[in-house]
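*Asks:* Here is the input, now give the coordinates:
(one chain, ligands or ions: 1)
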Amino acid sequence: MRRFRLAVLLPFLVAGIQAAGRAGCITNIPNRPGISLDGKWHYLVDPYETGYYNYRRQPYDQQEQPNREAYFADAVQKSNMDRLEYNFAQTPTLQVPGSWGMQVEQLHWYEGTVWYQRKLHYRKPANKRLFLHFEAANYESHVYVNGKKAGTHKGGFTPFDFEVTQLLLDGENSIVVKVDNTRRLDGAPTVNTDWWNHGGITRSVHLLEMPPTFIRNYKLQLSNRSQKTIQGWIQLDGPAQGLRVRVQIPELRIDQTYAPDQEGKASFEIPSPNLSLWSPQNPKLYQALLSTEMETVTDQIGFRTIETRGSDLLLNGKKIFLRGISMHEENPVSGTRIATESEARMMLDWANELNANFVRLAHYPHSEYMARLADQMGILLWEEIPVYWTIQWENTQTLALAQQQLTEMIARDQNRASVIIWSMANETPVSDVRNRFLKSLVDSARALDPTRLISAALEVHGGGPMNKVIDDPFGEWTDIVSFNQYHGWYGGNIHDFPKISWDVKYPKPVIVSEWGGGALYGLRGDSLTLWTEDYQAHLYKKTLEGIANIPGLAGFSPWILADFRSPRRPLTHVQDMWNRKGLIGEGGHKKLAFRVLQTYYQKLKAEEPD
Ligand code: GCB
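*Replies:* Okay, here's the model as predicted:
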């Protein structure tokens, strides 16, 4: 009986733990105390999930006997009688962060479970709360410390952490992480995408050492009603009674103290008439200090407003045109998931060289580095969750997963001035159930962050080849109407592009969130030969000739800055499992079209008022 009850209850308990984690993990990791757990981790490939399920395919952590959290969880042999059919000490290592498929040839196409393990010799600090923080692991992670489960997380691109104060020992510790990148029909994303499914602990891991009560998260941004009022809140974790929170921005002579409420939250509005507003021309960041009697957290924060008026997009009250480019989080030189700050900088430097002032970070949240660097470099960002193509709209678990990733993305980057747009989805098919799904995401995003704009990459419908209609009912709910179009590549004669008439149903700012075509770097020919750099450059010229005809156009982000790996792209000697729509090819070489867009943006930039 007891066994039955435990088995029934456990999934809910686990869901409860996940839900609690969902309140948002610890943010501003670069400025928190702790140690890095990056480096070499041992690994075991486990295609049958032997370390997780027994021979009846029951998960070890949902049984009373044997008393294990998982077979592979505890990397320490307890006695000679404890027969273990694995031995992490003898296994090779993987670099963390990194994608396994790009480090080990046999894992290139692998989709399944890999167990990571590392030891940690640790002197437990007195009076600290300890958290294992993962910036991202793709896709489902189970984390164990000294054989005990710390928690699980789903979603490959957002951060998560678990408190391990009681699980870590003074002395030697073993940390084991099961990472499973199996694509799932009910996942977000689902099984069908156009990018590489990089498996592994793809971003950095930290052990955070926090005081008994600490600042879990905070928000400090301009109110969307005024350019002279900073609005925000601080959320404490731990007993808050008697504590005060303090907000300082020394350069603005701001120094305010507040008493948190019973939930440990303090909300505030601070008049700040003398702000220098953040913008691409003036990426001004202020040092902010947030403190309690127990700690001080520093951050570099920019202040700006973003809003729409009719079909205009206004940054700090002034009309702005988005000279954009889309990018995946993949390094075209190495073909790996971007894992370091210098790789993120390389991508944004290219965007800068293109004279772009806007980057669409497709199709999932990129690393925190991207947004922090964009803040410093004055690049505006679109951030997106992987609600891509054909998600299971009717599945409430899938909706919960999308909501969770949205919440985690916003919690992490809500203090980045560069981020102006939260995008809910990409090219999703219209239906009532999809509308309800996406509407629910919009409601959450607006409640979590009313200071940014909402969009989604929609599709062009009907109208015929020379008349294109954008009438997706979801356009009603977004602040910006964005759509992807591929005239001249997926159908349509590119010479006709300037003659197309556009029918956009919503009087809102319009962003063409994708357009472009494929070219193999170095392949030359005439401007009508597909896959040549010449054709791609021609497509860019023709599109740029006609794109201003789109009513309400407030910017665009062509597809895409750099070639990226995709299993959907098998054309031999041309694609070879890469999507070739990059302006920069595999190896990091610029194609002709890069210069076309660069010159066009240069001209737009020169015409802009200061
Ligand atoms: C799209 C998708 C993008 C693809 C691109 C393509 O519309 O949004 O993820 O990679 O087209 O290259 O076909």
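
*Asks:* the strands in the stretch 251-400 of the chain, which residues?
*Replies:* Per DSSP state E, counting those that start in this stretch, the stretch 251-400 of the chain carries strands over the ranges 254-258, 265-271, 286-292, 295-301, 306-309, 312-315, 318-319, 322-327, 330-331, 336-337, 358-361, 380-384.

*Asks:* Nearest to the ligand, out of the ones you listed?
*Replies:* Among those, strand 322-327 comes nearest to the ligand, with 8.4 Å by CB to the nearest ligand atom. To be clear about C-beta, it is placed using only N, CA and C from the backbone, and glycine gets the same treatment.

*Asks:* in that closest one, what counts as buried?
*Replies:* 322-327 (16 or more other CB atoms under 10 Å).

*Asks:* can you redo the residues you listed as CSV with distance to N484?
*Replies:* Formatted as CSV, the buried residues of strand 322-327 follow (distance: CB to CB, whole Å):
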residue, distance to N484
L322, 15
R323, 18
G324, 13
I325, 14
S326, 9
M327, 15
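
*Asks:* Just give the closest residue to S423, not the sequence neighbours.
*Replies:* E384 (4.0 Å; CB to CB, 6 or more residues apart in numbering).

*Asks:* Please list all residues in contact with that neighbour.
*Replies:* 360-365, 422-424, 426, 457 (CB atoms under 8 Å, 6 or more residues apart in numbering).

*Asks:* that older thread, let's have the strands of the stretch 251-400 of the chain in TSV, adding mean pLDDT and distance to V114.
*Replies:* Formatted as TSV, the strands of the stretch 251-400 of the chain follow (pLDDT from 0 to 100; distance: least, CB to CB, whole Å):
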stretch	mean pLDDT	distance to V114
strand 254-258	98	46
strand 265-271	97	39
strand 286-292	98	38
strand 295-301	98	34
strand 306-309	97	41
strand 312-315	98	44
strand 318-319	98	50
strand 322-327	98	27
strand 330-331	98	20
strand 336-337	96	15
strand 358-361	98	26
strand 380-384	98	27
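
*Asks:* could you dump these to TSV with distance to the ligand?
*Replies:* Below are these laid out as TSV (distance: least, CB to the nearest ligand atom, whole Å):
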stretch	distance to the ligand
strand 254-258	43
strand 265-271	38
strand 286-292	36
strand 295-301	32
strand 306-309	23
strand 312-315	22
strand 318-319	28
strand 322-327	8
strand 330-331	12
strand 336-337	16
strand 358-361	10
strand 380-384	10
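
*Asks:* And the closest residue to the ligand within the stretch 401-550 of the chain, what's its pLDDT?
*Replies:* Relative to the ligand, the nearest point of the stretch 401-550 of the chain is N484 (4.5 Å; CB to the nearest ligand atom). The model reports N484 with a pLDDT of 98.

*Asks:* Could you look up the SS state of the spatially closest residue to P509 that is not a sequence neighbour?
*Replies:* Nearest non-adjacent residue to P509, counting by CB to CB, 6+ apart: A554, 3.6 Å away. Classification of A554 by DSSP: H, G, I helix; E, B strand; the rest coil places it in strand.

*Asks:* Give me the pLDDT for A554.
*Replies:* 98.

*Asks:* Test my guess that it contacts D312.
*Replies:* Yes. Between A554 and D312 there is a contact under CB atoms under 8 Å: 7.0 Å.

*Asks:* Show the average pLDDT along stretch 48-63.
*Replies:* If you average the pLDDT values across stretch 48-63, you get 90.

*Asks:* Render the CA-only coordinates of that stretch in CSV, please.
*Replies:* Extracted in CSV, the C-alpha atoms of stretch 48-63 (Å, rounded to 0.1, in the frame of the first residue of the first chain):
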residue,chain,number,x,y,z
TYR,A,48,19.2,2.3,-22.6
GLU,A,49,19.1,4.5,-19.5
THR,A,50,20.4,1.6,-17.4
GLY,A,51,21.5,4.1,-14.8
TYR,A,52,18.0,5.4,-14.4
TYR,A,53,15.6,2.5,-14.8
ASN,A,54,15.8,-1.1,-13.4
TYR,A,55,15.2,-4.1,-15.6
ARG,A,56,11.4,-3.6,-15.2
ARG,A,57,11.9,-0.2,-16.6
GLN,A,58,10.9,1.4,-13.3
PRO,A,59,12.9,4.5,-12.3
TYR,A,60,15.1,3.8,-9.3
ASP,A,61,14.0,7.0,-7.7
GLN,A,62,10.4,6.0,-7.6
GLN,A,63,11.0,2.7,-5.6
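
*Asks:* Contact residues of the stretch 351-500 of the chain facing the ligand?
*Replies:* 363, 426-427, 484 (CB under 6 Å from any ligand atom).

*Asks:* ok, now with 8 Å
*Replies:* 362-363, 388-389, 426-427, 457, 484, 486, 489-490 (CB under 8 Å from any ligand atom).

*Asks:* In the protein, which residue sits closest to the ligand?
*Replies:* Closest point on the chain to the ligand, by CB to the nearest ligand atom, is D194, at 3.7 Å.

*Asks:* how would you label that residue: helix, strand or coil?
*Replies:* coil.

*Asks:* With adjacent residues omitted, what lies nearest to L290?
*Replies:* L290's closest residue in space is V297 (CB to CB, 6+ apart), at 4.8 Å.

*Asks:* Double-check the one you found against P211; I have them as touching.
*Replies:* No. Counting by CB under 8 Å, V297 sits too far from P211 to count as a contact (10.8 Å).

*Asks:* Between those two, which has more neighbouring residues?
*Replies:* V297 (20 against 16; other CB atoms under 10 Å).

*Asks:* need the contact list for that one.
*Replies:* Neighbours of V297 in contact, by CB under 8 Å, 6+ apart: 28, 31-32, 215, 218, 289-291.

*Asks:* N274 now?
*Replies:* Per CB under 8 Å, 6+ apart, neighbours of N274: L252.

*Asks:* can you give me the helices for the stretch 301-450 of the chain?
*Replies:* Remark: helices assigned in the stretch 301-450 of the chain by DSSP state H, counting those that start in this stretch are 341-353, 368-377, 396-413, 432-448.

*Asks:* Mind telling me what element F131 is part of?
*Replies:* strand 129-134 (DSSP states H and E).

*Asks:* Quick check: P473 vs K439, distance?
*Replies:* Computed as CB to CB, to the nearest Å, the P473 to K439 distance reads 10 Å.

*Asks:* Where does pLDDT dip in this structure?
*Replies:* Scanning the chain with the threshold set as pLDDT under 70 gives 1-23, 64-67, 75-81.

*Asks:* how many neighbours does N282 have?
*Replies:* For N282, using other CB under 10 Å, the count is 12.

*Asks:* Show the contacting residues for it.
*Replies:* 276, 378.

*Asks:* again, only using 10 Å
*Replies:* The neighbours of N282, taking CB atoms under 10 Å, 6 or more residues apart in numbering as the test, are 276, 302, 304, 316, 378.

*Asks:* ok, now which ones touch the fourth one?
*Replies:* With contact set as CB under 10 Å, 6+ apart, N316 has these partners: 222, 227, 275, 277-279, 282, 303-307.
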